[in-house]
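Chemist: predicted structure and sequence below. I'll ask about it afterward.
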Amino acid sequence: MEFINIGTFGHVDHGKSTLTTALTGVRTDRHSEEIKRGITIRLGHAEFIIYEKDGKYYNTPVDGAKPIKGISIVDAPGHESLLAVAVSGIALLDGAIFVIAANEPCPQPQTREHLYMLNYLGMKNIVIVQTKVDTVSKEQALKNYQEIKEFVKGTVAENAPIIPISSTYKLNLEYLLEELVKIPQRSRSFRVKDLALAVRSFDVNRPGTDVQNMHGGVIGGAVLDGVFRVGDTIEISPGRYIEKLQNYKPIITKITSIHRENESLEVADRNSGLVAFGTALDPSITREDLLAGNIISKPGQLSQPIREIKAKIDLIPRHDINNPPLIIGENIIINSLSISTQAIVKNISKKVVTIILKKPITPIDDNFAIFRKLQNRWRFAGMGKII
């Protein structure tokens with residue numbers, strides 16, 4: 001059975017996490033700070049199976065229904081200060097659910113930012129979900145629908161289906177399932193044979209656990225290419241920061257287990273969805289997402305991490321604010337696959353920009369996203385291509 005990774009995007013508090021819970025039965029904002037603040041801070045995830053019977057689709061088992069597609073949901077934060085976290089999830093995704101609430105005018109600030117990102121990063125498989133329709137009148141819902149249509153005109157989402165949904169009452173979820181079934185796995189090409197992205201990392205041991213009973217560090221992510229098996233030796237790059245070296249050092253370790261939700265696997269590949277790799281690492285290395293953003297491969301396949309890049313830059317024309325050319329000395333954030341890092345513009349010569357990175361990246365994909373401060377807020381500013 002095919003598994004696909006689907007991201008949820010949209011403005012803060014427009015119902016992305018609530019929709020994910022309606023689909024999967026799992027809260028993706030499971031961390032105490034997220035629940036307290038009511039927003040997703042990290043990339044949350046949950047998964048479910050779509051079942052089909054007599055042309056109808058279900059997100060829970062039904063007598064006589066057959067499982068036809070696995071869906072892993074990556075819940076990206078909508079808050080503007082967490083945009084780089086949101087874009088780090090796009091590297092994993094086959095498609096996107098773009099959430100727009102019916103009870104506010106469209107577009108809201110992060111609705112606009114997320115569409116800029118989806119558009120320039122080439123996310124073509126998009127379903128627009130109009131949430132909170134149970135909180136407004138029919139006239140307001142129709143007015144908001146027209147605002148959405150006007151907003152996405154001329155973008156990758158122009159022809160995306162728009163589905164009105166109440167996550168609270170699970171209204172129209174079956175129509176969303178029907179659209180998700182149509183989304184194929186995204187075709188990708190990378191420089192290495194075996195590739196997974198780490199978007200989370202954990203220490204799963206409870207405080208006070210005896211050393212003899214401790215589990216090794218856990219890395220959560222998805223396989224983009226190749227196969228990873230229990231017992232495989234893996235390389236994690238750029239790895240961890242070594243104070244004595246004043247630099248990052250790749251990590252070599254073994255996979256001791258693979259889990260997908262509550263299911264134990266021997267092998268993980270493109271069809272495994274989001275998985276958790278148990279490793280032989282000291283769990284202090286993986287706690288609190290310390291290895292999030294790393295590349296996972298097999299020893300000998302990866303290039304050395306780099307801290308200086310030369311790139312051609314394509315800044316997007318923004319209709320809401322001015323997005324002028326980069327200047328020497330400007331602080332920016334770049335995102336390459338699942339890693340986000342602060343950076344500074346060192347030099348600009350003709351059309352080539354030299355950028356110094358605070359944290360090194362492992363070159364797998366030449367393309368990267370750029371964020372910069374515009375009108376005192378971090379905003380998606382464009383794309384770069386390493387040369």
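Modeler: Great, that's in hand.

Chemist: quick one: stretch 315-331 to chain centroid distance?
Modeler: Stretch 315-331 sits 24 Å away from the centroid of its parent chain (Cα atoms, centre = their mean, to the nearest Å).

Chemist: what's in contact with it?
Modeler: 112, 116, 120, 313, 332, 342-348, 353, 370, 372-375, 379-383 (Cβ atoms under 8 Å, 6 or more residues apart in numbering). No exception for glycine: its C-beta is placed from N, CA and C like everyone else's.

Chemist: and that stretch, which residues are buried?
Modeler: By neighbour count with 16 or more other Cβ atoms under 10 Å, stretch 315-331 contains the buried residues 316, 318, 323, 326.

Chemist: in its sheet, what does the host helix or strand of residue 198 sit against?
Modeler: Residue 198 is part of strand 195-202 when elements are defined by DSSP states H and E. Strand 195-202 sits in its sheet next to strand 218-225 (antiparallel), strand 295-297 (antiparallel), going by DSSP bridges.

Chemist: need the ones you listed in CSV (columns: mean pLDDT).
Modeler: CSV is the format used below for the strands paired with strand 195-202 (pLDDT from 0 to 100):
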stretch, mean pLDDT
strand 218-225, 90
strand 295-297, 95
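
Chemist: beta partners for residue 275?
Modeler: residue 221.

Chemist: returning to what we had before: what's the farthest-apart pair in the buried residues of stretch 315-331?
Modeler: The distance between the two most remote of the buried residues of stretch 315-331 (Cβ to Cβ) is 14.4 Å, for 318 and 326.

Chemist: just to revisit the earlier point, just the closest of the buried residues of stretch 315-331 to residue 101, please.
Modeler: Using Cβ to Cβ, these come closest to residue 101 at residue 318, 22.9 Å.

Chemist: relative to residue 270, how far out is that closest one?
Modeler: 35 Å (Cβ to Cβ, to the nearest Å).

Chemist: centre of the chain versus the strand or helix carrying residue 378, how much separation?
Modeler: Using DSSP H and E, the element containing residue 378 is strand 377-386. In terms of Cα atoms, centre = their mean, the centre of strand 377-386 is set 16 Å apart from its chain centre.

Chemist: what does the average pLDDT come to for that strand?
Modeler: Strand 377-386 carries an average pLDDT of 89.
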